[in-house]
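K.L.:
need a structure here:
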Amino acid sequence: MGFGDLLPDGTVDDKANSNNGDIAKVMVTVIEILKHFTSQHPSMEIYFEGSTAERTKLYGRILKAYYPIFSKDFEIGCIVTVNDEIQLVPYDPSLNSEYLGFIIKRIS
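P.N.:
Sure, this is the predicted structure:
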């Protein structure tokens, strides 16, 4: 899954910063798509990261804000670097860790 701004030539710019105030609406739509997809494919794990490090940080802040809702349907894992090793750890909204990406899976 990818998203961004639709350009006149039909391509999508996933690094655009529209600042049009619709990030919450976009993220609610993405969450609904993930719920629908994983209800049809409950064993699938979805990996996502931002197109830039700043976007990945933004997604972490959004996960933190919506964690009480999102965690009802999904297990959330985070990709982090610990002692120069990449590891998958459970998401903890009380931490301010730097994440490389996220993995979600529908709770059975």
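
K.L.:
contacts and neighbour counts: CA atoms only from here.
P.N.:
Fine.

K.L.:
List the neighbouring strands of the helix or strand bottoming out on mean pLDDT in the chain plus their orientation.
P.N.:
Ranking every helix and strand in the chain by mean pLDDT, DSSP states H and E puts strand 5-6 at the bottom, with a mean of 79. Its sheet considered, strand 5-6 pairs with strand 12-13 (antiparallel) by DSSP bridges.

K.L.:
what sits up against the partner strand?
P.N.:
With Cα atoms under 8 Å, 6 or more residues apart in numbering as the test, strand 12-13 has contacts from Phe3, Gly4, Asp5, Leu6, Leu7.

K.L.:
So what sits opposite the third one in the bridge?
P.N.:
I take that to be Asp5. When bridges are called by DSSP bridges, Asp5 pairs up with Asp13.

K.L.:
close enough to count as contact, it and Asp22?
P.N.:
No: with contacts defined as Cα atoms under 8 Å, Asp5 does not count as touching Asp22, sitting 11.6 Å away.

K.L.:
quick check, nearest of the contacts of strand 12-13 to Glu32?
P.N.:
Phe3 (14.4 Å; Cα to Cα).

K.L.:
can you give me the helices in this protein?
P.N.:
For the chain, the helices defined by DSSP state H occupy 23-40, 53-70.

K.L.:
weakest of these by average pLDDT?
P.N.:
Per-stretch mean pLDDT for the helices of the chain is lowest at helix 23-40 (a mean of 84).

K.L.:
In the protein, where's the longest strand?
P.N.:
Of all the segments assigned as strand in the chain under DSSP state E, the longest by residue count is strand 74-82.

K.L.:
ok, that strand: who's next to it in the sheet?
P.N.:
strand 85-90 (antiparallel), strand 101-106 (antiparallel).
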